[in-house]
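>>> Next comes the sequence, and after it the predicted model I'd like to discuss.
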Amino acid sequence: MTLEFLMASAIGILVAGGIYLSLRARTFQVVLGLTLFSYAVNLFLFASGRLIVGRPPIWSRSVSDYADPLPQALVLTAIVITFGMTAFVVVLSLRSFLETGSDQVDGDNTANHSDVAP
Amino acid sequence: MIAPVAIPALAAPLALLVMRRRRWLGVSISVAASLMLLGTALLLLDASRDGSVRTYALGDWPAPFGIVLVLDRLSALMLVLAAALSLIALCHAVATGTDRAGWHFHPLFQFQLLGLNGAFLTGDLFNLFVFFEVLLIASYGLMLHGQGRARLKAGVQYVVVNIIGSSLFLIALGLLYALTGTLNMADMGLRVAALGPDDQGLLRVAALLLVSVFALKAALVPLHLWLPRTYAVSTPAVAALFALMTKVGVYSMIRVVPQIFGDGAGAAAWAPAPYLLPAAIVTALIGFAGVFVARSLSEQAAFAVVGSTGTLMIAVAAWQVDSLGAALYYLVHSTLTGAALFLVADVVARRRGSFRDRTSPGPAFAQQPLVGLIFMGAAIAATGLPPLSGFIGKLLVLQAIAGTPDWGWQWAVILATTLAGVIGFARAGSAIFWKESAGTAGAMAAAPERTDLVAPMLALAALAALAAAAAPVTAFTGAAAAQLLDPATTARAVLGDR
């Protein structure tokens, strides 16, 4: 099993799970879905600099081959932003639940949503 | 050149620090910052008139490696628009006291401006993503400003939709970086042209993903569903500023597509173009159908924003110099109009007690004739009747697309939506201002003063000025369009002679 296969399937599975959960009706599942999706995006960004093993990202006299440092910086930025967003969306959905008494994304708390109860 | 980003970045934390103890100081910092922004933006506009492309290398790193800010005619125009609109919105927020409905209105407002100005200036694709996030985070805070059930409900949807949009933006960025090895837009445009035939498929995917993210921000059909609800429940002063947010999506599209996916891009050249025109036509239809059936003035304003984006994109989708120039004129006009509509809706809602801004007859209210006149002005601008700038904008758009294939369809749609808009606004206006029903308005809020009429009047005055100055403005937008469709010159200015 190559590294490329592992990476690609990890991204694929995370995206599939993320999209499935994001389409659910309740905010908690949607938040989880968004988190999974953003993990996949981070991995993808990381892979956009090609998968290189055991190479330094910084210049040094003794090395001739480098890993691309830019995607790592991009991923770092993306992780920070996603983390902030996730924290925000968690607080927002909690607040929305407390205020409206419903954790449905569309705010309806009717009986025909009961089939999605865990 | 860094000033439009630096001023709000400094003003926001300052306002945050002093707001707790001295409210008036925080407010005056915010207003002063917006005034300074308008001044700087006008200076930059004047500087960009000669057609030169100015760059500012952040940290003095040379262009393809560091992040650069790029100022050309289009970004200068957008800066002026953002500054003018922010002053109008801020004026309304202070006059109506909505900035007191929750903490941190002014710092968030300034951060929003920081994001907007940054997005208009940056010449780096990842930096564009970062500024998008800045303006989105601020907009979440502003949208929820004042709290309440409806806002929280719409807020969750708005945030989720935009987080998914941001993720897609990152995927597109990753693809483009993997293909070209650069994030600088000008450099990317050059390298895309040199890509081999194997990579064309991926390039098309990246182009379409990127444009669909921008279409989500611009609320193009079928990605428009989040907008009416969000905008209709936002605080009106905020909704007025948000009228510019959809235009950020349009701006990004007209910035990125000619620069990166222009003529030189091989199989991916103009890849998104064939999808934009149908989407734009349906957007215009749905938007003005919404105007026709809306149950309240703020909902009507939200649908008018959708519809005007559709009309705008019909002009953009031709990707010709004259149609793009007309589109830029219409962009300025439609942003100000959207803001005016939201402000009028608030003015009406504040005077009608429990009737709010519903389009149903209610008892007579204070300053009815004057408010009615202002509403009529905003409606005239939104539908594109003379004498305000909407007429000139639509005329220019119609004229510019007359030469394109299928222009008959586009003319039919634009004219039919105009008619639907006229009827919709006339219906709402006559219900609110002409018919009276017996009954009490319920608990009236404190007797409204005339000060809240200032902001909508300012917006209308700006529209009238835009109509009066149509000749120089269209000359400028035409030149901006020509500059946009000539990415090679921009690339030379950004990257130096290499």
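Alright, I've got the coordinates. Numbering: from 1, shown residues only, chains lettered A, B, ... in the order given.
>>> From now on I want contacts and neighbour counts done on CA atoms only, so please keep to that.
Noted.
>>> So for stretch A:84-99, what gets flagged as buried?
A:85-86, A:88-90, A:92-97, A:99 (16 or more other C-alpha atoms under 10 Å in any protein chain shown).
>>> Any part of whatever helix or strand residue B:118 lives in near chain A?
Element membership for residue B:118 (DSSP states H and E) is helix B:105-121. No. Under the criterion of C-alpha under 8 Å from any C-alpha of the partner chain, chain A is not reached by helix B:105-121; the shortest gap measures 14.1 Å.
>>> Go ahead and name everything in contact with that helix.
Residues from elsewhere that reach helix B:105-121, judged by C-alpha atoms under 8 Å, 6 or more residues apart in numbering or on different chains: B:4-9, B:11-13, B:15-16, B:26-27, B:30, B:69-71, B:75, B:78-79, B:82, B:86, B:99, B:127-128, B:131-136, B:138-139, B:141-142, B:145, B:245, B:248, B:251.
>>> restrict those to those near chain A?
Within the contacts of helix B:105-121, those near chain A by C-alpha under 8 Å from any C-alpha are residue B:133.
>>> Which members of the contacts of helix B:105-121 are positioned in strands?
Among the contacts of helix B:105-121, the members falling in strands (DSSP state E) are B:69-71.
>>> Let's have these in JSON lines, adding neighbour count.
Shown next, in JSON lines, are those (neighbours: other C-alpha atoms under 10 Å in any protein chain shown):
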{"residue": "B:69", "neighbour count": "21"}
{"residue": "B:70", "neighbour count": "21"}
{"residue": "B:71", "neighbour count": "26"}
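>>> so which of the residues you listed comes closest to chain A?
Using C-alpha to the nearest C-alpha, residue B:69 is the member of the ones in strands among the contacts of helix B:105-121 that lies nearest chain A, at 18.4 Å.
>>> Find the residue closest to the closest one in space, skipping its chain neighbours.
residue B:122 (4.4 Å; C-alpha to C-alpha, 6 or more residues apart in numbering or on different chains).
>>> who touches that neighbour in this structure?
Applying C-alpha under 8 Å, 6+ apart, the residues near residue B:122 are B:67-70, B:128.
>>> before we move on, back to that, going by neighbour count, which of the contacts of helix B:105-121 are buried?
By neighbour count, with 16+ other C-alpha under 10 Å, the contacts of helix B:105-121 hold B:4-5, B:7-9, B:11-13, B:15-16, B:26-27, B:30, B:69-71, B:75, B:78-79, B:82, B:86, B:99, B:127-128, B:131-136, B:138-139, B:141-142, B:145, B:245, B:248, B:251 as buried.
>>> center of the chain, which residue is that?
Because you didn't say which chain, this covers chain A. In chain A, the residue lying closest to the centroid (C-alpha atoms, centre = their mean) is residue A:38, at 1.7 Å.
>>> Up against chain B, what does chain A have?
A:34, A:37-38, A:41, A:44-45, A:48-50, A:74, A:81, A:85, A:89, A:92-93, A:95-96, A:99-100, A:105-107.
>>> any idea of the pLDDT on residue A:8?
Residue A:8 is assigned a pLDDT of 92 by the prediction.
>>> Show me what the helix or strand harbouring it packs onto, helices and strands only.
Here residue A:8, judged by DSSP H and E, is contained in helix A:3-22. With contacts taken as 3 or more C-alpha pairs under 8 Å, 6 or more residues apart in numbering or on different chains; DSSP states H and E, helix A:3-22 sits against helix A:27-47.
>>> and the angle for the helix it packs on with helix A:3-22?
Put simply, helix A:27-47 runs at 160 degrees to helix A:3-22, going by axes from the mean of the first three to the mean of the last three C-alpha atoms, to 10 degrees.
>>> C-terminal to helix A:27-47, what's the next element?
Assigned by DSSP H and E, the successor of helix A:27-47 is helix A:69-100.
>>> tell me how far that following helix is from the chain's mean position?
Chain-centre distance of helix A:69-100: 9 Å, with C-alpha atoms, centre = their mean, to the nearest Å.
>>> Quick check: pLDDT value at the nearest residue to residue B:184 once chain neighbours are set aside.
Spatial nearest neighbour of residue B:184, chain neighbours left out: residue B:124 (4.4 Å); criterion: C-alpha to C-alpha, 6+ apart. pLDDT recorded at residue B:124 is 90.
>>> In contact with residue B:124, which residues are there?
Residues in contact with residue B:124 (C-alpha under 8 Å, 6+ apart) are B:67-69, B:183-185.
>>> For chain A, state which of those is nearest.
Out of the contacts of residue B:124, the member with the shortest distance to chain A (by C-alpha to the nearest C-alpha) is residue B:183, at 9.7 Å.
>>> Just give me the neighbour total for residue B:24.
Neighbour count of residue B:24, defined by other C-alpha atoms under 10 Å in any protein chain shown: 12.
>>> Ramachandran coordinates for it?
The phi/psi pair for residue B:24 (degrees, to the nearest 10) reads phi -60, psi -30.
>>> What's the per-residue pLDDT of it here?
82.
>>> before we move on, what about residue B:438?
On pLDDT, residue B:438 comes in at 61.
>>> Spatially, which residue comes closest to the spatially most central residue of chain B, not counting chain neighbours?
Note on chain B: the residue nearest the mean C-alpha position is residue B:244, at 2.2 Å, using C-alpha atoms, centre = their mean. Excluding the flanking residues, the one nearest residue B:244 by C-alpha to C-alpha, 6+ apart is residue B:335, at 5.6 Å.
>>> What distance do you get for that neighbour to residue B:243?
Noted for residue B:335: a distance of 6 Å to residue B:243, by C-alpha to C-alpha, to the nearest Å.
>>> Next, show the common contact partners of the two.
residue B:305.
>>> Least confident secondary structure element in the chain?
Using chain A. Least confident helix or strand of chain A, by mean pLDDT, DSSP states H and E, is helix A:69-100 with a mean of 89.
>>> Can I get the helix or strand of chain B with the lowest mean pLDDT as PDB, trimmed to CA atoms?
Least confident helix or strand of chain B, by mean pLDDT, DSSP H and E, is helix B:487-495 with a mean of 84. C-alpha atoms of helix B:487-495 as PDB (Å, rounded to 0.1, in the frame of the first residue of the first chain):
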ATOM      1  CA  PRO B 487      -3.800  40.700 -18.000                       C
ATOM      2  CA  ALA B 488      -0.400  40.700 -19.700                       C
ATOM      3  CA  THR B 489       0.200  44.400 -18.800                       C
ATOM      4  CA  THR B 490      -0.900  43.800 -15.200                       C
ATOM      5  CA  ALA B 491       1.400  40.800 -15.000                       C
ATOM      6  CA  ARG B 492       4.300  42.900 -16.200                       C
ATOM      7  CA  ALA B 493       3.500  45.600 -13.700                       C
ATOM      8  CA  VAL B 494       3.200  43.100 -10.800                       C
ATOM      9  CA  LEU B 495       6.100  40.800 -11.600                       C
END
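>>> before we move on, the earlier item: among the contacts of residue B:124, list the two that are farthest apart in space.
Using C-alpha to C-alpha, these reach their maximum pairwise distance at B:69 and B:183, which is 13.0 Å.
>>> quick revisit: of all the residues in the helix holding residue B:118, which ones are buried?
So for helix B:105-121, counting by 16+ other C-alpha under 10 Å, buried means B:105-121.
>>> ditto for stretch B:53-61
Under 16+ other C-alpha under 10 Å, the buried positions of stretch B:53-61 are B:53-57.
>>> Likewise for stretch B:40-49?
For stretch B:40-49, burial by neighbour count (16+ other C-alpha under 10 Å) applies to B:40-42, B:44-45, B:47-48.
>>> ok, of those residues, which one's closest to chain A?
Ranked by distance to chain A (C-alpha to the nearest C-alpha), these are led by residue B:41 at 28.7 Å.
>>> Enumerate every residue touching the closest one.
B:4, B:76, B:79-80, B:83.
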